[in-house]
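Engineer: Quick one: sequence and predicted model below, then my questions.
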Amino acid sequence: GKRLIQQAVDKGEISEDRIKESVLKILKTKYLLGLTKQKPMNPKNINNELNNESHRLLTEKLYANAATLLKNENSALPLKKGEQIYYVGLEEATGGTFAKTLGEYVSVIVKKPTEIASIPTGSKVIVGFHKDNSTAYKPYKISAQSKAILNRLSADRRVILDVFGSPYALRDVDIDNVAAVLVSYENNDLSMIASAKALAGQTNISGRLPVTVNQNLQAGAGMDLTTSKTAQP
């Protein structure tokens, strides 16, 4: 940075007056923002300062606005208040926050992947693909085992697939028999809270895919789902 600027000055590509002008703009901006009087934050309180209630609510709202509905056959969503739903978390699922939040609006029965045979035919089942995408280097692909469970459930149950991770996870997933597909993008507590509220009709869904996943899921794809604050039976 500094070396390249110095080289440009030496070659006459940038004048010293131009540099002074830029520096003056930066200093004025810092002054107007009060940065010259800013007191350093106490490291002991930094987590509380950065993770206060207003920041939490803003983050949840951002997740709610991003949620993308790609399929909703026969109005599988929004969930009706009090209806019975089964939830199966797959991949890197903890799902406790999601199931707990969803349980505030509907009756949720959590099933392990090994217990899916006990889910009655025709039941409405939410399958959560939970993938850690905290960095771009995390693998987004869904395991063959999870895809097999999804296919088995969607054969004779009304499955709602919720992707807590990159939409690329859907690249080679068969969703033909899935009733509804929602992409929630992140696998953390606030994204799960926002997703549960969206499924339960507590918030509108209006997100769009930011990328092309495959031939059937192009960038810009997405459906609007506008509901009243509380979905009615």
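Structural biologist: Cool, the structure landed.
Engineer: tell me the domain ranges of this protein?
Structural biologist: Under the assignment automatic domain parsing, the domains of the chain span 2-32, 67-199.
Engineer: can you map out the helices along the protein?
Structural biologist: 2-10, 16-32, 46-50, 53-66, 96-102, 144-156, 189-199 (DSSP state H).
Engineer: So which of those is nearest Pro113?
Structural biologist: Closest approach to Pro113 among the helices of the chain is made by helix 144-156 (5.6 Å; Cβ to Cβ). Where C-beta positions appear, they are placed from N, C-alpha and C, glycine not excepted.
Engineer: helices or strands up against that closest one?
Structural biologist: strand 84-91, strand 124-130, strand 158-164 (3 or more Cβ pairs under 8 Å, 6 or more residues apart in numbering; DSSP states H and E).
Engineer: Include distance to Asp10 when you put the ones you listed into CSV, please.
Structural biologist: Output for the helices and strands packed on helix 144-156, formatted as CSV (distance: least, Cβ to Cβ, whole Å):
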stretch, distance to Asp10
strand 84-91, 56
strand 124-130, 55
strand 158-164, 53
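Engineer: Any chance of the ones you listed in TSV with mean neighbour count, mean pLDDT and distance to Thr212 as columns?
Structural biologist: Listed next are the helices and strands packed on helix 144-156 as TSV, based on neighbours: other Cβ atoms under 10 Å; pLDDT from 0 to 100; distance: least, Cβ to Cβ, whole Å:
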stretch	mean neighbour count	mean pLDDT	distance to Thr212
strand 84-91	21	97	23
strand 124-130	24	98	19
strand 158-164	24	98	15
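Engineer: Ok, which of the ones you listed comes nearest Gly12?
Structural biologist: Nearest of the helices and strands packed on helix 144-156 to Gly12, taken as Cβ to Cβ: strand 158-164 at 54.8 Å.
Engineer: by contact count, what packs against the closest one?
Structural biologist: Counting contacts by 3+ Cβ pairs under 8 Å, 6+ apart, strand 158-164 packs against strand 124-130, helix 144-156, strand 180-183, helix 189-199.
Engineer: Tell me which of these is the most buried.
Structural biologist: strand 180-183 (a mean of 26; mean count of other Cβ atoms under 10 Å).
Engineer: For the nearest residue to Asn72 once chain neighbours are set aside, give its distance to Pro139.
Structural biologist: Among residues not flanking Asn72 along the chain, Ala180 sits closest, at 4.8 Å (Cβ to Cβ, 6 or more residues apart in numbering). As judged by Cβ to Cβ, to the nearest Å, Ala180 and Pro139 stand 25 Å apart.
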